[in-house]
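1. below are the sequence and a predicted model; questions follow.
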Amino acid sequence: MTDSQNGSQNPVTQAAALAKTPIGGAEDVQRLLGAIEQIMDALDSVLIEETELLRKGELKQALDLVEAKNQLSIQYMLLQKAIAANASIVKQLAPQDAEQLARRHQMFQNTLQANLAVIATAREVSSELVSDINEQMQKGAKAKTYGRAGQAPVKANQKQGISIDTKS
């Protein structure tokens, strides 16, 4: 038995295979819609958990969810593109399910927006904290006395700064 026959494939590979499968009938539409619903449920749970962890300041635990979130996001995008590419046949073969999926997407968007807002806030707060720490370190590096002839020392004992990658 091959990996694809026994179901032991990577979930992203499975989603990609399902997304590439031509839609031949209502069963194919149901399989596609069922798969994206499962992935949306799982991704929704991960996003809610991550949001709560970030709100509590539990960054380490929130970072542990990144890989699962990435994997589910990839699967979601693959299946979403397949549904969008076959929108007319999906609506024709399963009009009520297509409407239900549209409503589900709206609820999912709300969860996603809340998650992104909390991530942006956490990023801003952590950046401010690191900047404040760096500022405090640099204050200690300034000369506090005068040297010979009443001039500030030429060479102050400058501390190393802290750098922040704001692009990622």
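-> Cool, the structure landed.
2. and the strand or helix carrying Q92, what's buried?
-> Element membership of Q92, judged by DSSP states H and E, is helix 87-93. Of the residues in helix 87-93, those with enough neighbours to count as buried (16 or more other C-beta atoms under 10 Å) are 89-90, 93. Bear in mind the C-beta positions are built from the backbone N, C-alpha and C, glycine included.
3. same deal with stretch 52-72?
-> Within stretch 52-72, the residues scored as buried using 16+ other C-beta under 10 Å are 53-54, 62, 65, 69, 71-72.
4. need the max-distance pair from those residues.
-> Maximum pairwise distance among the buried residues of stretch 52-72 (C-beta to C-beta): 19.3 Å, between L54 and Q71.
5. could you give the average pLDDT over the strand or helix carrying Q96?
-> Using DSSP H and E, Q96 sits in helix 95-139. For helix 95-139, mean pLDDT is 87.
6. and after the lowest-mean-pLDDT helix or strand in the chain, which helix or strand comes next?
-> Ranked by mean pLDDT, DSSP states H and E, the weakest helix or strand in the chain is helix 3-6, scoring a mean of 45. Using DSSP H and E, the helix or strand that follows helix 3-6 in sequence is helix 11-20.
7. and that following helix, what other elements does it pack with?
-> With contacts taken as 3 or more C-beta pairs under 8 Å, 6 or more residues apart in numbering; DSSP states H and E, helix 11-20 sits against helix 26-55, helix 66-85.
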